[in-house]
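Colleague: Fold the following and give me the result.
(chains A and B)
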Amino acid sequence: MKRSPIIPLFIGVHLLCMVLQIYKHSLFVQASYTKQKYEIDRESLVQERQRLTQELQVLKNRNSIKQYAQTKLQMDTLRLKQIKRLNDHEEKL
Amino acid sequence: MKKSYKIRIVCIFLAFIFLYTAIIINLSRIQIWQHGFFTNLGDKQYSMTITKNPPRAAIYDRTKTRFLALNKDSISAFIVPNNLKDADGVKRFLKKHFPDAAERLAHSRDSKFMYVKRKLSDDQIEFIAKSNLPDIQLLHEPTRFYPLDAAAQIIGITDIDNHGLAGIELQFNTQLSGTPTTLTLEKDARSGRFYFKKETTISGTTGMPIYLSIDSDLQFLVQEELQKTIEAFHAREGSVIVMNPLNGEIVAMVSYPTFDSNGRDAIKPESMKSKCITEAYELGSVIKVFAALAALEEEVVTLDEQIDCKNTNTTYIDGRKINTPFKDGVISFAEVIAFSNNIGTAIVAKRVGTKLYDHYTKMGFGKKTNIEFPGEQKGFVNPPKKWSKQSIISLSYGYEITATLLQLTCAFAVIANNGHSITPTLLLDAGHKPSESSLYSPHAMQDIRYILEQTTLKGSTKRAAVKGYTILSKTGTANILIDGQYRPEKNIYTCAGIIEKDGYKRVVVTFIKEASKSNLFAAIVAAPLFERVAQKVLIHDAIIT
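Modeller: Residues are numbered from 1 along each chain as shown, chains lettered A, B, ... in the order given. Got it, this is the predicted structure:
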């Protein structure tokens, strides 16, 4: 009795489809995991940026800058009478 | 076939039938009758719903680059009381370092979660780490950081859950915090860290940053000057406002003493108030400007009309005693205001009568300015129906009328804008413009500007003058009412004015409360502060002659 090739072919195609489907799903899961790892990395980088911004703001404290300017750089407070607008002639000179 | 085989086959057949029936019934129970219950159970194992709050948006100054409030991470410590591995160790540690938490633990041993302390200091984090107690776990929580102490009262603070509690943080809480997003995750059952699928159930919105009209550099510089004055006069407190009258933007608004908004444990509620907006005072002679403006508008006096100020410090008008600090004889009305003579001012105010009330309210006294700030006071102007014989006299030189410093600033902005009022704002580019119609006639505006200029050049506010610039200013010294009595030894000192140079205009109000020395005047306390603030503003804005 001659066996028909259609049945093994049918089963084979279905098995292949199942394998491909599983492969596709595993690829999706892998990509999803990678994406989530990047998301976690991004979140920690955002947190780090936030921490550094805050540290920068602490360093920009005007009181300490003023104290440094006055004590280390011997700078003094500017008065209005110490400033003069130069006219064109004076600027050229 | 033997009979016994037949019986066996039937028995086996029936047994299978029974088994299959049982399976089918069970499957029906699971998949049809209790479908909802088991779906829910499965979902609970693999799905989770999380709510994510967007980060609170930052607050910037007018440069749009300098932060006034930003986020930072804080560390909180928590325990799971019903699942402690070393309960005795935890109790001992808490009793020693966090007695408050130890007490709470004693009352909630079966609870599933308990904060030991939120927003830990660096020292506290260190000794928790050193304790080696795995039961005490750390958690990152968002909190706020405020880089500029000088703006503390404007910006306000947030509570422990990062909700606005005062100032701009409270006023714009919804805009800054945004709305949370709800997500449904199909999670990875093994690690619990990853998910297979993410669905947004409720889409939230991100917080929107706020750009204030405040200039952080100027705010700092003005606060420094204010602090110097308060220290020099051993005063109780003080405030300064700098406003651009052309668009109503407040470029600096300082009150001192201030508070450290980053060290919330030591905050005194009193110091959190932005007193320029939330406190109303009887401001004294600075109000004479508006009594004079009313008289000029009503045409009951002219600039050069000679007024007899009786050449005395004390006199009686309609049987009512009236004091003035300096004696003046017969002087022009412009000089009455310039020398701040109470007798001359009261004589003219009597001619205005009850209309004085209408003029004061027209200038914005007794009404909120509608600035975007919580807790604004509207002040009080005694209405004519409640007037006594004294009222018109008192109102003419700044009693029976209370106003916030912001209202005074806005009233001076009307003069700076030649009669057009402006709504103040703390927001950058709010788009405010002076009112289309003028509140006062051009001649009244011209006259009052002349009076204020003369007051700075020859009168009581000479110390407020800045060479090379037009300064229109007036001072006021007022006794403080305590327990129903005006106390001459306790005063408030105000100097309000306008700085002008070509098209450039700024309104500045300086205010000092309760200097330790008595017998002082605003001309000595508030006017020099005005001059120094004016200098800082002009240098900062590069308005050089």
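Colleague: how many neighbours does residue 31 have?
Modeller: Picking chain A for this. For A:A31, the neighbour count with other Cβ atoms under 10 Å in any protein chain shown is 10. C-beta coordinates here come from the backbone N, C-alpha and C atoms, glycine included.
Colleague: if you could check chain B rather than the one you did, that'd help
Modeller: Counted with other Cβ under 10 Å, the neighbours of B:Q31 add up to 11.
Colleague: and B:A152, that one's in a helix?
Modeller: Yes. Under DSSP: H, G, I helix; E, B strand; the rest coil, B:A152 sits within a helix.
Colleague: That one touches B:G263, doesn't it?
Modeller: No. Using Cβ atoms under 8 Å, B:A152 is not in contact with B:G263; the gap is 10.7 Å.
Colleague: Looking only at neighbour counts, state which of these two leads.
Modeller: Using other Cβ under 10 Å, the more surrounded residue of B:A152 and B:G263 is B:A152, with 25 against 9.
Colleague: Contacts only, for that one.
Modeller: Contact analysis of B:A152 by Cβ atoms under 8 Å, 6 or more residues apart in numbering or on different chains lists B:Y146, B:T258, B:F259, B:D260, B:S261, B:M272.
Colleague: Not counting sequence-adjacent ones, nearest residue to the first one?
Modeller: Spatial nearest neighbour of B:Y146, excluding adjacent residues (Cβ to Cβ, 6 or more residues apart in numbering or on different chains): B:S261 at 4.3 Å.
Colleague: Please state the offset of the host helix or strand of B:Y316 from the chain centre?
Modeller: Under the criterion of DSSP states H and E, B:Y316 resides in strand B:314-317. In terms of Cα atoms, centre = their mean, to the nearest Å, the gap separating the centre of strand B:314-317 from the centre of its chain is 43 Å.
Colleague: Show me which parts of that strand are buried, residue by residue.
Modeller: Neighbour-count burial for strand B:314-317, counted by 16 or more other Cβ atoms under 10 Å in any protein chain shown, picks out B:T315, B:I317.
Colleague: elements contacting it?
Modeller: strand B:320-323, helix B:342-352 (3 or more Cβ pairs under 8 Å, 6 or more residues apart in numbering or on different chains; DSSP states H and E).
Colleague: One more pass at 7 Å, please.
Modeller: If contacts are counted by 3 or more Cβ pairs under 7 Å, 6 or more residues apart in numbering or on different chains; DSSP states H and E, strand B:314-317 sits against strand B:320-323.
Colleague: Tell me the buried residues in the strand it packs on?
Modeller: Neighbour counts over strand B:320-323 (16+ other Cβ under 10 Å) mark B:I322 as buried.
Colleague: following it, which helix or strand shows up next?
Modeller: Scanning forward in sequence from strand B:320-323 by DSSP H and E, the next helix or strand is strand B:330-332.
Colleague: What is the end-to-end distance of stretch B:104-119?
Modeller: Stretch B:104-119 stretches 18 Å from its first residue to its last (Cα to Cα, to the nearest Å).
Colleague: wait, isn't B:I498 in contact with B:F412?
Modeller: Yes. Counting by Cβ atoms under 7 Å, B:I498 touches B:F412, with 5.9 Å between them.
Colleague: Comparing those two, which shows the higher neighbour count?
Modeller: Using other Cβ under 10 Å as the criterion, B:I498 and B:F412 rank with B:F412 on top: 27 against 24.
Colleague: With adjacent residues omitted, what lies nearest to the more buried one?
Modeller: Nearest residue to B:F412 in three dimensions, chain neighbours excluded: B:V507, at 4.7 Å (Cβ to Cβ, 6+ apart).
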